[in-house]
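Enquirer: Here is my input; please provide its structure:
(chains A and B)
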Amino acid sequence: MSNEWSKVGAEQDFTEKITLLEIGKAKVGVARLDGEIYAFNGLCPHSAGPMHRAEVEGTVVTCPLHAWRFDLKQGGREIHDYRPLRTYDVKVEGGEVFIRL
Amino acid sequence: MTAVKRRTYTSAFEGARTLGRLLAPPGFKWETELPKQSEEVPLILHISCNAHYTIFVPYLAEQILHALGMKFLIMGGPESCCGSIHKNLGDVDLEGEVATKTLLHFKRAKPKTVLSFCPDCDEVFEKHKLPGRSFHHSNVSELFLDYVEQLRPKLQPVRKRVIMHYHDINEQRKKDSDRALALIKEIPGLEIIPAQYAHGPGIHCQTVHPMPPDDQAKMFAEARELKADALVVPYHSCYRQHVKMQIEYGVETHHYFSLIAMSLGISFEEPFKTLRLLGDVGRAMSLLRPKIEDMGYQEEAVRSYVERAIFC
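Expert: Residues are numbered from 1 along each chain as shown, chains lettered A, B, ... in the order given. Model (predicted):
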C-alpha cells in the first residue's frame, strides 16, 4: 500500500454508476454504494474483466464476463469465496474524495 | 444473495451456477479454472452455461465417454462461457473477449480436441477461433460417431417408438442432427418413426427464439397420433423447450444422450423434467427445498432461477 493519497474528484461526482479512473498505471473503479464511496481494482481478479461495467446490487459488484461477485462492504470478498477484488482506502475531506492505492 | 428480476449477468450466470450445483448427480464435478501450468489432457468436455440447467446432459456425456474408455477433463461454470450470453444481453463487444479468454484457458491443458454440445458455443467459438488454433473443436456427436464401433457391442435394446427432432439451418447443425440420428439408429429395439413436423427453427430451439407454439403443438400432436413414446432432440435447449409438452400430449422428450445411456445401462435422473412436469414453480420449490437448505442457497434467489430457466 502506498502512503500517497490521490485527489480524484468532488464527493458529489460519484454515484452508483461506477466511474473508471486511472491513477498512475492502475485502473480504479469508484462508486457510491449504499451511501459509501468505494474504490476498487478496475480489473476483475479472475480474468481482468471490466469492473466499471459491473452490475451493482447494494454493495455487491458483479463482473460482466463471468459473474464473479464482490462485496465491497466486506473488503471485496468474492461471495463464492473465489479470489477477492482488491479495494483501496477512500477518504473524504472538504467535499473532495481521496484514494490511496 | 438477492434475486434479480430482469435478465442480467447476475441472474443468467448465477442461475446456471446455482441450478447446476443443485441439480447435479452426486459426485459429478467440473473444473472452472485451470492452473497456468496445467497437466496436459487430450480431450476437454465443455459444459455450456445454459447446459447447467440440464446438468444430467453433460453428466451423460461424461458417462458415455467413460464407457468408451476416454481420458478427459470437464470444464464448465460461467467461467467457461463462449460469450453468446453477452451478445444476447446487448454487449456485442464482450462476446469476442469472453470467447477468446475461454479458448486461451482451454489451451492451457494442451488438448487435441474440445467437445461442445451446444450449437451456440460451437458457432461463437468458431467465429472467434484462435489464430493458429492448436486444437480441434467439435460437437460431441462427432466423437461418439467416430467411436461407434466401440459403442455398438455395448448397446442393449431400448423398446421405444421415437421421432427425431432436427435442425438443419446450416451444414453444421444438419450434421449434428444427422449424427444424433445415426447414433440412435444403432440402438437395438428402438423404432424411429418418420414424421412430417419434427423440424425445428434456427440453429436450435431456445429461449431467445423458441419454436413457435403452433409448430410445437403440431409436432407433438403428430407424435401422439403416430403413437410415439418420445421425441428425441439433438440439443439441451430443445429439451428445455419441449419437455413440458408431455403434460398435454403424453409424449416424452429425450435428449439423444439419454437413449444412448439407457442402452448402455447407465442409470440417471432428469431433475429438470421432474421439476417441470410438476406443473408449477411452487411444487418444484417444495421438492427442491431440502436441498436448497442443505446447500445454503437463498430460496428467493433459487425460485427466480427456477422460474426463468425451468418454467420459461
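Enquirer: which ones are touching B:Gly250?
Expert: Under the criterion of C-beta atoms under 8 Å, 6 or more residues apart in numbering or on different chains, the contact partners of B:Gly250 comprise B:Arg224. Using the backbone N, CA and C atoms, a C-beta is placed for each residue, glycine as well.
Enquirer: B:Ala230 now?
Expert: With contacts defined as C-beta under 8 Å, 6+ apart, the neighbours of B:Ala230 are B:160-163, B:251-254.
Enquirer: Now render the residues you listed as CSV, adding neighbour count, pLDDT and distance to B:Lys110.
Expert: Listed next are the contacts of B:Ala230 as CSV, based on neighbours: other C-beta atoms under 10 Å in any protein chain shown; pLDDT from 0 to 100; distance: C-beta to C-beta, whole Å:
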residue, neighbour count, pLDDT, distance to B:Lys110
B:Lys160, 19, 98, 41
B:Arg161, 15, 98, 45
B:Val162, 24, 98, 39
B:Ile163, 24, 98, 41
B:Val251, 23, 98, 45
B:Glu252, 21, 98, 41
B:Thr253, 25, 98, 38
B:His254, 24, 98, 35
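Enquirer: tell me the two of those residues that are most distant?
Expert: When C-beta to C-beta is used, the two most widely separated members of the contacts of B:Ala230 are B:Arg161 and B:Thr253, lying 14.0 Å apart.
Enquirer: Which parts of the chain are strands?
Expert: All of this refers to chain A. Here chain A has its strands, by DSSP state E, at A:5-10, A:19-23, A:26-33, A:36-41, A:55-57, A:60-62, A:69-71, A:77-78, A:87-93, A:96-100.
Enquirer: oops, chain B please
Expert: Assigned by DSSP E, the strands in chain B fall at B:43-46, B:73-75, B:113-116, B:136-139, B:160-164, B:190-192, B:230-233, B:252-255.
Enquirer: Bridged to the residue lying closest to B:Glu252 once chain neighbours are set aside, which residues?
Expert: Counting by C-beta to C-beta, 6 or more residues apart in numbering or on different chains, B:Glu252 lies nearest to B:Ala230, which is 4.2 Å off, once chain neighbours are set aside. Beta-bridge partners for B:Ala230, by DSSP bridges, are B:Val162, B:Glu252.
Enquirer: What distance do you get for B:Ala230 to B:Met164?
Expert: The spacing between B:Ala230 and B:Met164, counted by C-beta to C-beta, to the nearest Å, is 10 Å.
Enquirer: Quick check, pLDDT for B:His137.
Expert: Turning to B:His137, the model gives it a pLDDT of 89.
Enquirer: list the contacts for it?
Expert: Residues in contact with B:His137 (C-beta under 8 Å, 6+ apart) are B:113-114, B:116, B:122, B:125-126, B:129.
Enquirer: Of those residues, which is the nearest to B:Arg303?
Expert: Using C-beta to C-beta, B:Ser116 is the member of these that sits closest to B:Arg303, with 29.9 Å.
Enquirer: which residues does the spatially closest residue to B:Ser141 that is not a sequence neighbour contact?
Expert: With C-beta to C-beta, 6+ apart as the criterion, B:Ser141 has its nearest non-adjacent residue at 3.8 Å, and that residue is B:Arg179. B:Arg179 is in contact with B:139, B:141-142, B:144-145, counting by C-beta under 8 Å, 6+ apart.
Enquirer: Can you go through those residues and name the buried ones?
Expert: Neighbour-count burial (16 or more other C-beta atoms under 10 Å in any protein chain shown) applied to the contacts of B:Arg179 gives B:139, B:141, B:144-145.
Enquirer: By pLDDT, give me the weakest of those residues.
Expert: For those, the pLDDT minimum is B:Asn139, 92.
Enquirer: Flag the shaky bits of chain A, pLDDT-wise.
Expert: By pLDDT under 70, the low-scoring segments of chain A are A:1.
Enquirer: how about the residues of it near chain B?
Expert: Chain A has residues A:46-47, A:53, A:55, A:57-58, A:62-67, A:69, A:79-80 near chain B, with proximity defined as C-beta under 8 Å from any C-beta of the partner chain.
Enquirer: Out of the residues you listed, which comes closest to B:Ile47?
Expert: Comparing the residues of chain A next to chain B against B:Ile47 with C-beta to C-beta picks out A:His66 as the nearest, at 13.5 Å.
Enquirer: which non-adjacent residue is nearest the closest one?
Expert: Ranked by C-beta to C-beta, 6+ apart and with sequence neighbours excluded, the top spatial neighbour of A:His66 is B:Pro78, at 4.4 Å.
Enquirer: Grab the nearest non-local neighbour of residue 98.
Expert: You didn't say which chain, so I picked chain A. With C-beta to C-beta, 6+ apart as the measure, A:Trp5 is the residue that lies nearest to A:Phe98, at 4.1 Å, once sequence neighbours are left out.
Enquirer: actually chain B
Expert: Here the nearest residue to B:Val98 in space, its sequence neighbours aside, is B:Gly83; by C-beta to C-beta, 6+ apart that works out to 3.7 Å.
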